[in-house]
Each structure stands twice: as C-alpha cells, then as structure tokens.
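Asker: Fold the following for me, if possible:
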Amino acid sequence: MNQNIKHIVKHYGFQHQVKKTTEECGEFIAALSKLANDEGSRKDVLEEMADVMVMLEQMQYFLNIDAALLHKTMETKVRRQLERMNQR
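Answerer: Prediction:
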C-alpha cells in the first residue's frame, strides 16, 4: 500500500473517510451522467475517477482487504457478466 495513502488514512480516520468516499462516488456519478448527456468532459470524469480510486484504496486499507482476493473477486464478477451476456 502506498505510504501516502496510509498517512492520509491515519490522519483522517475511518468515519471521516467513509463519508468522503460516498461524496467522491456521488461526484463521479454526476460527472458520468453529464458526459452521457453530452454536457460534461472526459477530463471531469478522469478527475472524479481518480478521486474515487484513491478513496477505494483507503477503504481497502481500512478494511484489510487483500489485493489478491479483491482481484479474484473482480475476475469472478467479470466472468459472471460475460456468461450473462452469452446467454442472451
């Protein structure tokens, strides 16, 4: 885990960063929605995506989620979606 992420986590604490994570997810959703309606920009989405990914790294650290387990779970979800697509 990036030492800077650990420093941020220790400074703000879990409750604060959970709230911040939800705020950043909301901003990301808003940026995507604007882009989908031809009102936003890729740069806005990029900025919000970066914010969300930083917060998700913090949540991974706080919740002691193993990176290998996270990636395995992601792969499972991608495979499941591909199976759903093939069934249509």
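
Asker: what about Val54, how many residues close to it?
Answerer: Neighbourhood size, Val54 [other C-beta atoms under 10 Å]: 16. To be clear about C-beta, it is placed using only N, CA and C from the backbone, and glycine gets the same treatment.

Asker: Was I right to think it contacts Ile5?
Answerer: Yes - under the criterion of C-beta atoms under 8 Å, Val54 makes contact with Ile5 at 7.2 Å.

Asker: contacts for stretch 40-54?
Answerer: Applying C-beta atoms under 8 Å, 6 or more residues apart in numbering, the contact partners of stretch 40-54 are Ile5, Thr21, Glu24, Cys25, Glu27, Phe28, Ala30, Ala31, Leu32, Ser33, Lys34, Leu35.

Asker: Going by neighbour count, which of those are buried?
Answerer: Among the contacts of stretch 40-54, those that count as buried by neighbour count (16 or more other C-beta atoms under 10 Å) are Thr21, Glu24, Glu27, Phe28, Ala31.

Asker: Just the ones in helices from those residues, please.
Answerer: Mapping the buried ones among the contacts of stretch 40-54 onto helices (DSSP state H) picks out Thr21, Glu24, Glu27, Phe28, Ala31.
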